[in-house]
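Colleague: Just a sequence and a predicted model for now, questions to come.
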Amino acid sequence: MLHSISITQPGISYCPQTNPLDPLLTVKECILLYGQLRGIKQLDRLLERILDTYELRSYRDVQVKKLSGGNRRKLTVAISCCGYTPIVLMDEPTSDMDPVTRSFVYLTIEQLLSARRAVLLTSHSISEIEHLCQRVAVLKDGQIVANNSPAELKAQHGGYYAINCFCAPIQQAALAKMLIQRLPGASELQHYAHSLRFLVKVRQASSSEAIAKQPTLAELFEAVRVMSASLELPAHFAISRCRFEAVFERILDNCEATSNGGSDLPTKSAAVSGSLATGYVHCGYEETTT
């Protein structure tokens with residue numbers, strides 16, 4: 001795309017979260033101005049490439065202030081990534097973008113990576129991170145709390161399945177006691193008015209070593225079947241695999257538990273009092289979650 005245009009002084013490109021464009025300049029004038037600042041020689045070629053790549057040709061002579069938010073964002077990304085700077089810093093480049101406009105940014109980042117240019121991307125979109133990033137750093141209070149490839153983060157903090165049991169509070173207490181025997185590795189136990197939720201980390205069936213307290217997926221389903229049959233009243237179970245979002249949540253939760261000196265023990269909502277050893281008693285009010 002734009003990486004074949006030669007420049008005289010490589011450096012660092014920066015795409016800020018807000019658009020730093022002069023509202024009185026036209027699209028053409030913006031491209032030529034920033035091309036000159038970047039030291040690009042073939043300005044005419046740069047102009048034609050950006051207009052075609054980002055579908056801005058019909059806005060060539062339109063002032064920035066008259067552009068839509070999506071087109072202004074496309075123009076900002078385009079002028080930030082032009083040339084061949086070895087490092088590109090992008091601060092939430094897809095903010096305030098519709099899905100169609102967002103695809104232009106994704107294509108740009110993929111082409112930058114193909115050209116062996118380093119891209120440092122900040123984003124709150126988990127799907128965006130999973131799709132684009134080769135390495136992910138999780139920040140909390142300005143500190144990096146995890147840093148690895150998406151696959152490694154999933155292996156370290158993922159592999160969890162969420163089990164929801166829809167039943168009466170009295171059955172929740174019985175089921176919580178069963179977990180100690182059937183699924184001792186269950187964590188993050190949460191009670192609600194009409195359901196109980198917990199997480200179980202499963203191991204691959206092909207794994208040569210049996211990790212303590214980690215069942216295979218087949219063993220998880222069998223344990224749920226046995227617990228369901230052991231309950232006096234009918235209960236409905238739902239099992240779902242935790243998505244990449246849950247990996248981030250678990251990293252941050254573990255970080256908070258460490259900073260507070262706590263341990264990774266099962267938790268429950270304030271709607272229920274008691275413990276796994278003594279049983280649970282519903283406190284008489286409903287708790288909802290979003």
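Modeller: Received, thanks.

Colleague: can you give me the helices in the protein?
Modeller: Assigned helices in the chain, in chain order: 27-38, 43-53, 69-81, 99-114, 126-132, 150-157, 169-182, 217-230, 244-259 (criterion: DSSP state H).

Colleague: Gln17 is nearest to which of those?
Modeller: Proximity to Gln17 (Cβ to Cβ) singles out helix 69-81 among the helices of the chain, at 9.7 Å. C-beta here means a position set from N, CA and C on the backbone, and glycine is covered the same way.

Colleague: outside of the closest one, which residues touch it?
Modeller: For helix 69-81, the surrounding residues in contact (Cβ atoms under 8 Å, 6 or more residues apart in numbering) are 2, 13-16, 19-21, 27, 30-31, 34-35, 50, 53-56, 59, 64, 67, 88, 90, 93-98, 100-101, 104-105, 108, 112.

Colleague: now the angle from it to helix 27-38?
Modeller: Counting by axes from the mean of the first three to the mean of the last three Cα atoms, to 10 degrees, helix 69-81 lies at 20 degrees to helix 27-38.

Colleague: Name the residues of helix 69-81 that are buried.
Modeller: 71-81 (16 or more other Cβ atoms under 10 Å).

Colleague: cool, stretch 16-31 as well?
Modeller: 19, 21, 25-28, 30-31.

Colleague: Look at stretch 127-142 and report the distance between its end residues.
Modeller: Distance across stretch 127-142, first residue to last, is 22 Å (Cα to Cα, to the nearest Å).

Colleague: what comes up buried for that stretch?
Modeller: Those would be 128-130, 132-133, 136, 138, for stretch 127-142 by 16+ other Cβ under 10 Å.

Colleague: Next: stretch 158-174.
Modeller: Using 16+ other Cβ under 10 Å as the test for burial, stretch 158-174 gives 158-165, 167, 169, 171-174.

Colleague: Then stretch 90-107?
Modeller: 90, 92-94, 97, 101-102, 104-105.

Colleague: Spatially nearest residue to Val202 (excluding sequence neighbours)?
Modeller: Nearest non-adjacent residue to Val202, counting by Cβ to Cβ, 6 or more residues apart in numbering: Leu217, 5.1 Å away.

Colleague: pretty sure that neighbour is touching Ala223, no?
Modeller: No. Between Leu217 and Ala223 there is no contact under Cβ atoms under 8 Å: 10.8 Å.

Colleague: ok, now which ones touch the nearest residue to Leu47 once chain neighbours are set aside?
Modeller: The shortest distance from Leu47 to any non-neighbouring residue, by Cβ to Cβ, 6+ apart, is to Ile31 (5.1 Å). Residues in contact with Ile31 (Cβ under 8 Å, 6+ apart) are 46-47, 50-51, 75, 78-79, 82.

Colleague: quick one: least confident of those residues?
Modeller: Within these, Cys82 has the lowest pLDDT, namely 83.

Colleague: for that one, what are its contacts?
Modeller: 2, 5, 13, 31, 34-35, 38, 40, 46, 50.

Colleague: What would I type in PyMOL if I wanted to highlight the buried members of those residues and nothing else?
Modeller: The PyMOL selection below is limited to those of those classed as buried (16+ other Cβ under 10 Å):
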select buried, resi 2+5+13+31+34+35+38+40+46+50
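
Colleague: Show me which of the contacts of Cys82 is closest to Ser195.
Modeller: Once Cβ to Cβ is applied, the member of those that ends up nearest Ser195 is Ser13, at 49.3 Å.

Colleague: which residues does that closest one bridge with?
Modeller: Beta-bridge partners recorded for Ser13 (DSSP bridges): Val88.

Colleague: the domain parsing of this structure - what is it?
Modeller: What automatic domain parsing lists as the domains of the chain is 12-134, 155-282.

Colleague: mean pLDDT for the ones you listed: which is lowest?
Modeller: Among these, domain 155-282 has the lowest mean pLDDT, at a mean of 76.

Colleague: So what's the gap between stretch 150-160 and the chain middle?
Modeller: 13 Å (Cα atoms, centre = their mean, to the nearest Å).

Colleague: Equivalent analysis for stretch 95-114, please.
Modeller: 16 Å.

Colleague: burial of Arg203, as a residue count?
Modeller: Around Arg203 there are 17 other residues, counting by other Cβ atoms under 10 Å.
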